[in-house]
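J.: Got a sequence here, can you build the structure:
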Amino acid sequence: MRPFNKLLIFSILIISITFCKRETSWDIDAAFPIAKSSLNINNIFGDTIFKSDASGLIHIAYSRELINFTIDSLVKLPDTTIILNYAFPVQVPLTPGMTLLTNVSFPDKEIKFNVSNGVELNKVILKKGFLKVDYKNSCRQPLKFKYQINSATLLGNILEINQVISDNSSISKSYPLDGYTLNLTGTNGNKINTLLQTYTISADASGLPDVLQPGEGIDVTLSYIDIVPEYVQGYFGQQNLSFGPDSTDIGGLGNFNPTNLVLTQSSVNFRIVNEFGVEMSSSINTMASIKSTPYNKVILNAGNILRSINVNRASKTNNPTNPVTPWKKQINVNSTNSNLNLFLQNLPNYLVYSVDAKLNPLGNSSSGNDFAYYGKGLKVYADIDIPLSLSADYFTLINYAQVDLVKLNALKNVNSCELHLDSKNNYPFEAHIQGYMMNEQNIIIDSLFIPKQNIIPAGITNANNIVINPVNSRLVSYLDKNKVENLRKCKQIKFMSYLYLSNQPTPVTISESGYLDLELSTFLNYNSKIK
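T.: From the prediction side, this is the model:
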């Protein structure tokens, strides 16, 4: 090879090696979407249930249970204890199997339950409960205790216990009463709250002949405990019932925080559902809406609409799976017969109420056939309906958007950064939007926009404040290095929107087609280096 060619090849090799070791960099412009959010009616009111009418107008429509008065509150069967003590005063010859005592003709054949509030029961079906029996035999021979509740039956069989108690011993036994039907009319069928019992004490056939000494005998304690009825029947008396003052969480208004709110109309439908076979008269004495922060209280003024309400009895279906046809009544309180608009404009956190009721105001009109089933009761609901046609200066709307920074590793080499918030507003109000960067601990670490430079125009409306065309717009935010560093730490963005209603006091209508779509993007100039 000629010297010239060798020199040329060597020179090319040196230049190539030098070029490969040199670091080359470029400034690159790029755009990346990092967060999307759609602010709509669900963001305003959280988990409220919505419905739209034929015109497309959105209604806040949800129910709250005010009262649920069940069988255990209406009729209480107390725990009852019966003590049987039999000690023989003289010596008694004892042979195996002989009967020592029976109560067939004794006064204690009837057990009277002390049921409170003047309740007179003639029939009970038990859902659950126990008969606990404590036995003590002080004799030198085993004794047998036979016990029958003659008026307690299960599948046609009366409840019977046969227990042998060893000599000079004590034992305790529990017997389930689930499913038993109790006839509480006594021996001749003309009493109330009264069970029939019979028992026999005898020397057990396994014993030996003996002589009972004075003072020896048997003690039996019978306790009816934890009685829960499946069904009760009788006369429930003329009880005076009071509910409250009590409160219920009204919910439904979520993040809705308007200023100078004025509703055009509203209604609360009070539904009374009586599943008891008993008549009542009742009154809702007070109803107030309470806003906790700042505290404010508005009392509902509905005249006599909620007073002196006659509640009729339910009826039986004779269907074991669905035994009751409830009696129902609806009382509508609205913006024309009350101050309900003012009541709801308070934006309450909860309702406070007090209710009085009287059972059987006409006395024993059912002739002892009042009834109640387990799981059934007297229930009062408030069905709230607020059409979203309203006036206000503004209200706030909050939503959260997750941030996707997977494509933004280049944030470490940013020369400059812009945030673009592109919006499409189909609501009839102007929005002032702020975005807050939140870290992994959901702590706000920075904001995105400068006040007065964060305004999104309202949709185009007609003379009735109804949107006829949405409006697209863009907000731009310039980030310095500190904000860029915070953006790298951001895991989600909290959008806080202040929505200003125009053309006041003409009401604004919020329809099911309303929305405010947001898309946040970064526009970067960053340095990319290649070695």
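
J.: Mind listing residues that contact stretch 124-134?
T.: 77, 147, 149, 159, 161, 163, 170-182, 184, 219-233, 374 (Cβ atoms under 8 Å, 6 or more residues apart in numbering). C-betas here are computed from N, CA, C, even on glycine.

J.: filter these to the buried ones?
T.: Among those, the ones that count as buried by 16 or more other Cβ atoms under 10 Å are 77, 147, 149, 159, 175, 177, 180-182, 184, 219-220, 222-224, 227, 229-233, 374.

J.: which stretches of this structure form helices?
T.: Along the chain, the stretches classed as helices by DSSP state H are 3-21, 41-45, 71-74, 340-345, 481-489.

J.: wait, isn't residue 75 in contact with residue 123?
T.: No - in this structure, residue 75 is not within contact of residue 123 by Cβ atoms under 8 Å, at 11.8 Å.

J.: Who has more neighbours out of those two?
T.: Between residue 75 and residue 123, counted using other Cβ atoms under 10 Å, the more crowded position is residue 75 (22 against 18).

J.: Once you drop chain neighbours, what's closest to that one?
T.: Nearest residue to residue 75, sequence neighbours excluded (Cβ to Cβ, 6 or more residues apart in numbering): residue 232, at 5.0 Å.

J.: That neighbour touches residue 122, doesn't it?
T.: No - taking contacts as Cβ under 8 Å, residue 232 lies outside contact range of residue 122: 9.3 Å.

J.: Which pLDDT value goes with the nearest residue to residue 82 once chain neighbours are set aside?
T.: Excluding the flanking residues, the one nearest residue 82 by Cβ to Cβ, 6+ apart is residue 222, at 4.5 Å. pLDDT for residue 222: 92.

J.: For residue 222, which residues count as its bridge partners?
T.: According to DSSP bridges, the partner residues bridging residue 222 are residue 82, residue 133.

J.: Return the distance of it relative to residue 102.
T.: With distances taken as Cβ to Cβ, to the nearest Å, residue 222 is found 16 Å from residue 102.

J.: same question, residue 497
T.: Distance of residue 497 to residue 102, computed by Cβ to Cβ: 85 Å.

J.: Tell me what residue 62 is bridged to.
T.: For residue 62, the beta-bridge partners are residue 384 (DSSP bridges).

J.: can you give me the mean pLDDT across stretch 367-387?
T.: The model assigns stretch 367-387 a mean pLDDT of 92.

J.: same deal with stretch 142-154?
T.: Taken as a whole, stretch 142-154 carries a mean pLDDT of 94.

J.: just stretch 175-191 next, same as before
T.: Mean pLDDT, stretch 175-191: 94.

J.: chain center to that stretch: distance?
T.: 37 Å (Cα atoms, centre = their mean, to the nearest Å).

J.: then it to CSV, C-alphas only?
T.: Below are the C-alpha coordinates for stretch 175-191, written out as CSV (Å, rounded to 0.1, in the frame of the first residue of the first chain):
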residue,chain,number,x,y,z
TYR,A,175,-84.4,-25.1,75.8
PRO,A,176,-84.9,-23.1,72.6
LEU,A,177,-88.4,-21.6,72.0
ASP,A,178,-87.9,-20.7,68.3
GLY,A,179,-91.0,-21.1,66.2
TYR,A,180,-93.4,-21.9,69.1
THR,A,181,-96.9,-20.4,69.0
LEU,A,182,-98.1,-19.1,72.4
ASN,A,183,-101.8,-19.0,73.2
LEU,A,184,-102.0,-16.3,75.9
THR,A,185,-105.7,-16.5,76.8
GLY,A,186,-105.4,-18.7,79.9
THR,A,187,-107.4,-21.7,81.1
ASN,A,188,-110.8,-20.6,79.8
GLY,A,189,-109.7,-18.5,76.8
ASN,A,190,-110.8,-15.2,78.3
LYS,A,191,-107.5,-13.8,79.7
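
J.: count of neighbours near the closest residue to residue 86 other than its chain neighbours?
T.: Distances taken as Cβ to Cβ, 6+ apart place residue 217 nearest to residue 86, at 4.6 Å, with adjacent residues excluded. Residues lying near residue 217 (other Cβ under 10 Å) number 22.
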